[in-house]
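**Q** quick check, what structure comes out for this input:
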Amino acid sequence: MSIIRPYGDTTGDGMVQLSFTLPIPHDKRAEGAAVQLANTMGMDPALVVHAKAMGPDFTFFVVYGPVNHLVDTGKVEVVERDYPLLSPKEVNLAIRKTLRRRLTIVGACIGTDAHTVGIDAIMNIKGFAGEKGLEYYRELKVVNLGAQVAVPELVRRAKAEKADAILVSQVVTQREAHVLNTKEMSAAFREAYADDARPVLVAGGPRFTEQMAGELGVDRVFGRGTTPGEVASYLVDALVTRRRQTPSKRSA
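**A** Predicted coordinates for the structure are as follows:
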């Protein structure tokens with residue numbers, strides 16, 4: 001069955017819950033405005049189940065109600081994982097047998113982004129979701145530069161470390177900062193390296209989708225919920241498996 005409807009109280013009832021903020025003080029008129037917006041979006045009738053003032057000039061709402069829209073799952077487009085998931089032992093073995101050296105990864109939160117939770121979850125040994133981070137892998141050399149790293153400094157450090165891969169995490173999204181920062185980063189690396197010597201560029205963050213890789217100019221994008229094992233497996237596929245026959249010339 002490829003056609004589905006949202007589920008709330010009973011199967012196929014079309015009920016959805018939506019949250020948003022309006023730039024209006026909290027009063028009855030504000031709640032009416034929230035209902036009007038929900039109606040315009042196709043939710044009818046709409047019920048305001050929560051409203052809370054956000055300072056003197058804004059109100060946060062949660063509305064609940066049915067929509068008539070259907071979802072055709074056969075038309076949903078996603079980026080499927082095109083590489084096998086490997087255990088830490090398999091990652092280490094593949095690198096050791098093929099590269100015969102450690103694979104170097106440099107990671108950072110670039111621009112003004114000071115949120116290191118994402119990059120730390122992937123790179124630090126404590127890891128995420130029950131998986132050890134990349135520091136746990138014996139054949140990976142992990143350099144975590146932390147927060148608020150300028151793009152020129154990231155490029156400089158990547159060259160100094162002879163990085164095979166760059167991991168960039170972006171959490172701050174105001175005014176599309178995550179998109180602008182990542183585009184700046186990818187452009188800087190493409191200018192600083194020859195095509196056959198450039199590190200693999202990976203971007204991650206909760207507001208990224210896998211489909212954005214081309215727009216951002218990176219090789220891969222990882223969204224929310226990504227685990228260290230997924231990143232390690234991708235890097236082996238990109239840097240070991242796919243380049244086995246044509247090893248890249250790495251910049252000194």
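**Q** CA atoms for contacts and neighbours, from now on please.
**A** Noted.
**Q** what ranges does the stretch 151-252 of the chain have for its strands?
**A** Per DSSP state E, counting those that start in this stretch, the stretch 151-252 of the chain carries strands over the ranges 165-169, 200-204, 220-222.
**Q** which one of these lies closest to residue 137?
**A** When those are compared by CA to CA, strand 165-169 sits nearest residue 137, at 14.9 Å.
**Q** neighbouring strands - and their directions - for the closest one?
**A** Applying DSSP bridges, strand 165-169 is found paired with strand 103-109 (parallel), strand 200-204 (parallel).
**Q** buried sites along the longest helix anywhere in the chain?
**A** Criterion DSSP state H: the longest helix present in the chain is helix 177-192. Of all the residues in helix 177-192, those buried under the rule 16 or more other CA atoms under 10 Å are 177-179, 181-182, 184-186, 189-190, 192.
**Q** follow-up on the earlier one: distance to residue 242, mean pLDDT and mean neighbour count added to the strands paired with strand 165-169, as TSV?
**A** Listed next are the strands paired with strand 165-169 as TSV, based on distance: least, CA to CA, whole Å; pLDDT from 0 to 100; neighbours: other CA atoms under 10 Å:
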stretch	distance to residue 242	mean pLDDT	mean neighbour count
strand 103-109	15	96	25
strand 200-204	12	95	24
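**Q** in CSV: the ones you listed, plus distance to residue 51.
**A** Listed next are the strands paired with strand 165-169 as CSV, based on distance: least, CA to CA, whole Å:
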stretch, distance to residue 51
strand 103-109, 35
strand 200-204, 33
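**Q** closest to residue 63 out of those?
**A** Of all the strands paired with strand 165-169, strand 200-204 comes closest under CA to CA, at 30.7 Å.
**Q** that closest one: how far from the chain's middle?
**A** 9 Å (CA atoms, centre = their mean, to the nearest Å).
**Q** then stretch 102-119?
**A** Distance, stretch centre to chain centre, for stretch 102-119: 12 Å (CA atoms, centre = their mean).
**Q** could I get the strands of the stretch 151-252 of the chain as JSON lines with distance to residue 106?
**A** Formatted as JSON lines, these follow (distance: least, CA to CA, whole Å):
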{"stretch": "strand 165-169", "distance to residue 106": "5"}
{"stretch": "strand 200-204", "distance to residue 106": "10"}
{"stretch": "strand 220-222", "distance to residue 106": "15"}
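**Q** of all the ones you listed, which one comes closest to residue 92?
**A** That would be strand 165-169 among the strands of the stretch 151-252 of the chain, by CA to CA, at 15.8 Å.
**Q** so for the closest one, what gets flagged as buried?
**A** 165-169.
**Q** pull it out as PDB, backbone CA atoms only.
**A** Output of strand 165-169 as PDB, limited to C-alpha atoms (Å, rounded to 0.1, in the frame of the first residue of the first chain):
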ATOM      1  CA  ALA A 165      38.800  13.500   5.200                       C
ATOM      2  CA  ILE A 166      37.200  16.600   6.700                       C
ATOM      3  CA  LEU A 167      34.200  16.400   9.000                       C
ATOM      4  CA  VAL A 168      32.300  19.600   9.500                       C
ATOM      5  CA  SER A 169      29.300  19.900  12.000                       C
END
